[in-house]
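Asks: Build the 3D model from these lines:
(chains A, B and C)
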Amino acid sequence: MEQLFFILLALLTLSAALMVVTTRNLLHAAFWLILVFFGIAGFFILLHAEFLAVVQVLIYIGAISTLIIFAIMLTRRIMDPQQPRFNSQWGLVGGLAALLFVVLAAVTTRVAWPTTSATLPAEPIKQLGADFVGVYAVPFEVASVLLVVAMIGAIIIARERG
Amino acid sequence: MEYISNFFVNLGNSWTSLLSSFLPPWAVILINFIIVALLLVLMPVIATMTLTIMERKIIARIQNRIGPNRVGPWGIFQAIPDAIKLLTKEDIVPVNADKPLFNLAPLLIFLGAALLWAVIPFGRGVIGQDLNVGVLYLVAVGSISTIAIVMAGWSSNNKFALIGAFRIVAQLLSYEIPMVLAMASVVALVGTMKMGEIVELQSIPFLLILPVAFITYILAAAAETGRAPFDLVEADSEIVAGYFIEYSGLKFGWFYIAEYGNLLAVSAIAATLFLGGWRGPFADQAPVLGPLYFGIKTILIVFLLMWIRGTWPRFRIDQMLALAWKVLVPLGLFNLLWVATMIKLPLPVWLQWAFILAGNVLALLVTLTLMGQAAKRYAARRGMVGTRA
Amino acid sequence: MVPLTWYLVLAAALFAIGMFGVLARKNAVAVLMGVELMLNAVNINLLAFWRYTALGELVGHAFAVFVITVAAAEAAVGVALFIAVYRQRDTVNVEELDAMKG
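Replies: Predicted coordinates for the structure are as follows:
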């Protein structure tokens, strides 16, 4: 049952991802990207990471996709569907990407990955919250500094100079 | 007594065992899921049927009119002929519209409105699914409507629709932050994101402890649902109808249903987070009262939102954004910080709550004073009426 | 139960597709979308490894949250850059943005 669900979700996500990189219409690509994000949220639920599934929907779909759609709309005059969508090296790159996939898949299926017998913490979200101000306090603070820097940087870069 | 206090859960169990007596287990699960899903999906439709008439009557009363008065006693069945009229209208798709997206947008916006109901507790144990990320789920589902609106605005191939879509992106992204901050202060106070548990732990309504969070939430909710005074998205006098200008017939109906479904949903969330949800006198002894209390509280909030709509003029876009970023976000941040500090103080709970309330009231007073001074300065600069030189 | 390798193969495919998008698309916004796909593939891997090899501690969760944070920062700065470039050069085609070419 779970395997069937996985396969269906994987087919959906991967075909949507292919549409993202091949569609001529950029806005359609952005909406396919949203479908990919939903699919990945589905995988997170399958992996019992409900918190990250919701964060995925919230950040990727609510914020990042909206930003991307905004960027496409603001620069839409150049979004002419008649223009070529790929650069001249796309054949080479396609081969390279396929090769990368084959290598990665071959490697990952051959390694005997260790397994764990540990069980899921009783309240994973509470523990994650405690970890963020405990074990991961420094990276957490660095991440918030990064966000502030990115916000200020984005405002300064995109600001219209009068 | 035990049966009574968990009335709805036991009722559900009895129903399940009744079904199990003649059906295989998977069929029972399937039937139960379908029934719950249908009930939840119907909520936006029920909301539309009841809230439209309520809204038209209340706004009419505020504007000294009578309002709908032809169909049924006091016009209470007005929604039915309206629905029939909507269904029989021609379904027009603009020639240059992006057809797949144009058709997908109404369904998506309805989905966003219906999914909200999955984590709202109607009574003890009466909840679609008490997710352990419930509050966050509500915020995440809200972003689906944003996408749907952008989709509708873009695919209509209409200038007004696109401007409406641009405006709503700015508005929804800005007001999501104070909304999340208000919800987060409640979550910090109770220490759980489960909607059901938030109600269980709410021995007194959080409105009495966190009035600032409640006010922030209500204003943000009015903005999130795109209602006056935050209805720049569909400002009739500026951009006709905004993102759904090109929609007609049933597709327009979906937007309409989603709008009222969202209105009822944000009110239900406010009732759950701040008014104690289904709690009330004797709700423990007679759980049937739970959904009743919950409904009354929800309708009270709906009325508050309609009252706001009926009495305030529409904001300009810069005023709308300034309210979010310069007033509600700092206020929400302060509030969250204050709650987080207070609940860690080694004090009895009631004293912590009293401190939180005191901080809230102080923050509210400071904010109102600063806003009043800013308004006076603005009026003085513009030489407007009301300044005492 | 789905085996761990399924997730790894899925993530590898997603990563390869994203890389193709980054290297082959002309429009800068499409390149950004490719980057997002790659970051998501990484997140799937992180969580899959967490689920199958380190369930007791929330390392995978924490790392994925940081990846999402970086992705959000990157998208914000990226979009700001596109808008600034578009204003200056009237294009976001990565091939035409070659003012730094020697």
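
Asks: roughly how far apart are the residue of chain C found nearest chain B and A:Leu120?
Replies: Of all residues in chain C, C:Ala76 sits closest to chain B, at 11.4 Å by Cβ to the nearest Cβ. C-betas here are computed from N, CA, C, even on glycine. According to Cβ to Cβ, to the nearest Å, C:Ala76 stands 33 Å off from A:Leu120.

Asks: higher neighbour count, the two?
Replies: Just comparing C:Ala76 and A:Leu120: by other Cβ atoms under 10 Å in any protein chain shown the higher neighbour count belongs to C:Ala76, 21 against 13.

Asks: for the more buried one, what are its contacts?
Replies: A:67, A:150-151, A:154 (Cβ atoms under 8 Å, 6 or more residues apart in numbering or on different chains).

Asks: Now tabulate those in CSV and tack on secondary structure.
Replies: What follows is the contacts of C:Ala76, written out as CSV (DSSP: H, G, I helix; E, B strand; the rest coil):
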residue, secondary structure
A:Leu67, helix
A:Ala150, helix
A:Met151, helix
A:Ala154, helix
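
Asks: out of those residues, who's nearest chain B?
Replies: A:Leu67 (8.8 Å).

Asks: Residue 62: how many residues sit nearby?
Replies: With no chain named, the answer covers chain A. 25.

Asks: oops, chain C please
Replies: For C:Ala62, using other Cβ under 10 Å, the count is 19.

Asks: Secondary structure element holding it?
Replies: helix C:59-89 (DSSP states H and E).

Asks: ditto for B:Ile163
Replies: For B:Ile163, the element it lies in under DSSP H and E is helix B:159-190.

Asks: That helix close to chain A?
Replies: Yes: judged by Cβ under 8 Å from any Cβ of the partner chain, helix B:159-190 and chain A are in contact via B:162, B:165-166, B:169, B:173, B:176.

Asks: That helix: how far from the chain's middle?
Replies: Its chain's C-alpha centre and that of helix B:159-190 lie 12 Å apart, by Cα atoms, centre = their mean, to the nearest Å.

Asks: now swap in stretch B:361-370 and tell me
Replies: Using Cα atoms, centre = their mean, the mean C-alpha position of stretch B:361-370 is found 25 Å from that of the whole chain.

Asks: Give the buried residues for it.
Replies: Neighbour counts over stretch B:361-370 (16 or more other Cβ atoms under 10 Å in any protein chain shown) mark B:363, B:367 as buried.

Asks: Then stretch B:179-192?
Replies: Neighbour count says stretch B:179-192 has B:179-190, B:192 buried, by 16+ other Cβ under 10 Å.

Asks: send the alpha carbons of it over as PDB?
Replies: Extracted in PDB, the C-alpha atoms of stretch B:179-192 (Å, rounded to 0.1, in the frame of the first residue of the first chain):
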ATOM      1  CA  MET B 179      -1.300  36.400  11.900                       C
ATOM      2  CA  VAL B 180       1.400  33.800  12.600                       C
ATOM      3  CA  LEU B 181       2.900  35.900  15.400                       C
ATOM      4  CA  ALA B 182      -0.600  36.100  17.100                       C
ATOM      5  CA  MET B 183      -1.100  32.400  16.700                       C
ATOM      6  CA  ALA B 184       2.500  31.700  17.900                       C
ATOM      7  CA  SER B 185       1.900  33.600  21.200                       C
ATOM      8  CA  VAL B 186      -1.100  31.300  21.900                       C
ATOM      9  CA  VAL B 187       1.000  28.300  21.000                       C
ATOM     10  CA  ALA B 188       3.800  29.500  23.300                       C
ATOM     11  CA  LEU B 189       1.400  29.900  26.100                       C
ATOM     12  CA  VAL B 190      -0.100  26.400  25.900                       C
ATOM     13  CA  GLY B 191       3.000  24.600  24.600                       C
ATOM     14  CA  THR B 192       1.200  22.600  21.900                       C
END
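
Asks: Wondering if it reaches chain C at all.
Replies: No: applying Cβ under 8 Å from any Cβ, one finds stretch B:179-192 out of contact with chain C, separated by at least 14.5 Å.

Asks: Since that was my last question, I'll sign off now.
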